[in-house]
Structure formats: structure tokens, C-alpha cells
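Student: Build me a model from this:
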Amino acid sequence: MVDQVERHLQPLVVEALSDTRVVGVVGPRQAGKSTLVHHLVDTTQDAEYVSLDDQAVRTAAERDPDGFVAGRPGLLAIDEVQRVPDLLLAIKAQVDRDQRPGQFLITGSSALSATRGVSETLAGRIERFELWPFSQGERRGHRETFVDRLLAGGSDGLDPGHRSGLTKADYLQLAAAGGFPEAIRRRGARRGSWFDSYVETVVEREAPGIAASPRTAELPRLLRLIAARHAGLLNVADLSRDAGLPERSVHRYLEVLEAVFLVRRVPAWSANLSQREIRAPKIFVTDSGLATHLRGIDPDVLSRPDLALGAEEPVLEGLVYDEIVRQTGWSTSRVELMHYRDRQGVEVDLLLEDRRRRVVGIEVKSGTDIGHRDVRHLATLRDSLGDRFIAGVILHSGRTVLPLGDRLNAVPISALWS
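Tutor: Okay, the predicted model is just below:
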């Protein structure tokens, strides 16, 4: 059941509370932050939970931020802390006076650094985690290690005997559902109604608190235009023209949409291989279900190959992106997520680079018939990077793992969470 999902970040948050004064859990609204915090409070001695969505609690915090956080014997968990920005400064003053670990667990549905009115940060005092909607492994009750296995063992980290029981239609349906608990519970038009209400709520409640926020009335329309470019290169001039907004305004809107975790830009990667790299980022809506809805794609359409043609690739790339972003939250390998494209037509959908500058390349193909022609871009990158290139993987909707050359394999998408 959705309600019983155990979050893979939970043990990391517990560990951080053992040696860090303030622990922050941020991420999209309705991703499960409150549920996670409630569970930790219920299992921690002398812990207390307060939510700033509660008007009475918020009023008390606004009137006396310092008094609100002072004199607590144990852990104080403050949900939606961005609703009273002055509390962050009060917490900073409190933990500077008293340096015991595990004093505050705070959550936010917007990036704390972007919150309006915050002139100081908790740098050096806080460990921060991003909690996203459910991963496929969380829904199935096991912790995914795909990213760690690839970076630890390259192609040797893959299971050559892995067989997938899922079809392309199954993957497309998973993508259309996304990971929000409330959306997973619903079907058809009811799910669509929830996504519409979700965007409206986030824009109304979170966006006005962002320091860069201009008029929020434009945000839903701009978000739909971004969804039409989901998993594609971001061209701000093109987006500005379609939105009928100045480029400067579009840049500010993008900052707001990122700060409230509705979109995310994936930067371009460069190894200084040449001067031909295209430096534009890719743009993603941060949940594949929300992206599919905003693109106006009915989930039933995705089961019709004649109607879904052209929609499959970005929808599946969005699903893969979601799963990798979630895994990097609990992965033991510290990685950056990027993409690569140059002016000669070489492109790799997603790249993972660790702190030793080793690289894993990931391509996403909606088809089931994968051959050596499909791996040519990964092969070009491999040959350019030499030993820095750990593995290249084509994630596809077929059923088996296919070796395609030195450090190159085609792997079913389900290997991400199997």
C-alpha cells in the first residue's frame, strides 16, 4: 500500500541527526516529507512536531521566533519552515549558542536559500536532503543500487541475467502515474484533477515566498510550455517567444519553478574534448506523471502505439530521470547529473560523473530492438574519454541485457529498480 511505503532517505536522516545540529528535508509539496517527519518524531524520545501550515502555530512563530525555538529539551521538528522565514535566523542563533546535535529537523516545500527575506543561511550547521515522490523501488519495498553498482563495477555491476517482465506499455503507464502518493491512488480523470489542483496549490502557496518571484499568474502556463519541452534542451529565447514574455522574466520564472521543485535544469557536461559542445541545459518537470499530464497526454493514449508516437521517448526519459535523481539521494557515490550534446550530432541523454571524474553515460530508447547503431554516441564518448569512461548503458523497453561492445550494454529499464 502507498501509505506503508518506507522511504530510503529515512536512515540517512536519522544518522545525520546523531551528529548535526540541524537537518533539513526539502522537496516538492505532497512528496511525503510530513509523513517521514511524523514517523521520526514518533520513534524519537522527547521529540515534538509542529506544522507552520497550522495558522495558530504560524502566528506564534511569527510573533516570537526566538522564543518559539528556545528551551526545547529534545528534537523539534518544524514542518514547512519556509512559511516563517525569520525562524531560520532564530534557529541559527539557537544552535550557535547550543551546539548539541539533533536539535532541529526542518522541512520545506521550497528551496530554503531562495526564501524571501532570508539574509543568512544555516551553512555549516545543517545537513540537507531532498525528498522526491516515491521511487519504483520504494513502491516495491526494496532499496535500489543501480547507480552505485555502475560506478563501483562499471558493466560488471550489471546483472547479465536480468530479465524484465514489463512491456513498453507498462513503462509508459508507470511514467504517467508518477510518484506522488495521492496521484498513484487515482486513475483517469481523477488523477488529472489532482495534478491540476496540485499545480494551483504550489503556485498559490509556495511561489509568492520566493525571493525572485514575479507575478505568479503566469506560472501555470509557462509550466505547460516547459512540459512540452520535457527532457529536451532549454532554449529560453524560444520559450520566451511562445510565452509572450521578456527573456529576463522567463529566467526569473524558471528560478521560481526550480525553487518550488516543479522543474529542474540538468546542466550540459563538458570534458574540454572540443569547443563544439552545446552548453544549453536540459529541462525536466520533476515528476513524470505531472509532466505527462501537463503535456495533455491521456494515459490511455500511451497504450496506443499509433497515437503515442513521438511522445514515448521524452515520457520514458522522464521516468528514467526521476529514478536516477531519487537514487542519487541515497547513493553512496556522490555524483553530478548532466547531459552531453555537441554540434556534430553526438548526444548522450544523461551523464553521471563522480568526484574522481569518472563518467557513466545513459541513453534511453523506447524501442525493444537495440543494436550497435544505437550505441554509437556512447562509443564515441568512450573512445574520447578512455579510462575515465566507466560504462555506457542504453535503457530500453525490451526484456534482456544485451552486450554491445567494450563497456557498453543495453539494459531493460526495470534494471533501475530491480
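Student: and stretch 48-58, how far apart are its ends?
Tutor: 15 Å (C-alpha to C-alpha, to the nearest Å).
Student: List the contacts of that stretch.
Tutor: When contacts are defined by C-beta atoms under 8 Å, 6 or more residues apart in numbering, stretch 48-58 is touched by residues 34, 37-38, 41, 61, 72, 74-81, 83-84, 87. Where C-beta positions appear, they are placed from N, C-alpha and C, glycine not excepted.
Student: In strands, which of these appear?
Tutor: The strands, defined by DSSP state E, take in Leu76, Ala77, Ile78, Asp79 from these.
Student: contacting residues for the third one?
Tutor: Just to be clear, that refers to Ile78. By C-beta under 8 Å, 6+ apart, the neighbours of Ile78 are Val50, Ser51, Leu52, Leu87, Phe104, Leu105, Ile106, Thr107.
Student: Identify the residues contacting Pro65.
Tutor: Neighbours of Pro65 in contact, by C-beta under 8 Å, 6+ apart: Val84, Asp86, Leu87, Leu89, Ala90.
Student: Val14: which of those residues is nearest?
Tutor: Leu87 (22.8 Å; C-beta to C-beta).
Student: Pretty sure the closest one sits against Leu76.
Tutor: No - between Leu87 and Leu76 there is no contact under C-beta atoms under 8 Å: 10.4 Å.
Student: Local confidence estimate at the residue nearest to Ser164 when sequence neighbours are not counted?
Tutor: Of all residues not flanking Ser164 in the chain, Pro412 sits nearest, at 3.6 Å (C-beta to C-beta, 6 or more residues apart in numbering). Looking at Pro412, its pLDDT reads 97.
Student: Report the separation between Pro412 and His230.
Tutor: Distance, Pro412 to His230, using C-beta to C-beta, to the nearest Å: 22 Å.
Student: Specify the residue ranges that define each domain of the protein.
Tutor: 2-130, 136-416 (automatic domain parsing).
Student: For the shortest one, give the mean pLDDT please.
Tutor: Spelled out, it's domain 2-130. 90.
Student: Widest-spaced pair of the contacts of Pro65?
Tutor: Val84 and Leu89 (10.3 Å).
Student: neighbour count winner among those two?
Tutor: Shown here are Val84 and Leu89; by other C-beta atoms under 10 Å, Val84 has more neighbours (23 against 17).
Student: In stretch 229-236, which residues are buried?
Tutor: Under the neighbour-count criterion of 16 or more other C-beta atoms under 10 Å, stretch 229-236 has Arg229, His230, Ala231, Leu234 buried.
Student: how long is stretch 46-56 from one end to the other?
Tutor: Note: stretch 46-56 ends 22 Å apart using C-alpha to C-alpha.
Student: scratch that, stretch 75-82
Tutor: OK, stretch 75-82 end separation, C-alpha to C-alpha: 19 Å.
Student: what about Glu363, which SS state?
Tutor: strand (DSSP: H, G, I helix; E, B strand; the rest coil).
Student: residues near the residue nearest to Ser164, how many?
Tutor: What Pro412 shows, counting by other C-beta under 10 Å, is a neighbour count of 22.
Student: any idea how far it lies from Gly154?
Tutor: Pro412 is 18 Å from Gly154, by C-beta to C-beta.
Student: just Leu172 next, same as before
Tutor: Taking C-beta to C-beta, one finds Leu172 at 30 Å from Gly154.
Student: And the helices in the stretch 201-350 of the chain?
Tutor: 219-227, 236-243, 247-259, 288-294, 305-308, 312-330 (DSSP state H, counting those that start in this stretch).
Student: so the second one versus helix 219-227, what angle?
Tutor: Angle, helix 236-243 to helix 219-227, by axes from the mean of the first three to the mean of the last three C-alpha atoms, to 10 degrees: 130 degrees.
Student: His142 - nearest residue in space that isn't next to it in sequence?
Tutor: Nearest non-adjacent residue to His142 (C-beta to C-beta, 6+ apart): Trp417, at 7.8 Å.
Student: tell me the contacts of the one you found?
Tutor: Ser135, Gln136, Gly137, Arg140, His142, Glu144, Phe146, Glu323.
Student: Weed out the non-buried ones from these.
Tutor: Neighbour counting with 16+ other C-beta under 10 Å marks Ser135, Gln136, Gly137, Glu144, Phe146, Glu323 as buried within the contacts of Trp417.
Student: Out of those, which is nearest to Ser384?
Tutor: Phe146 (24.3 Å).
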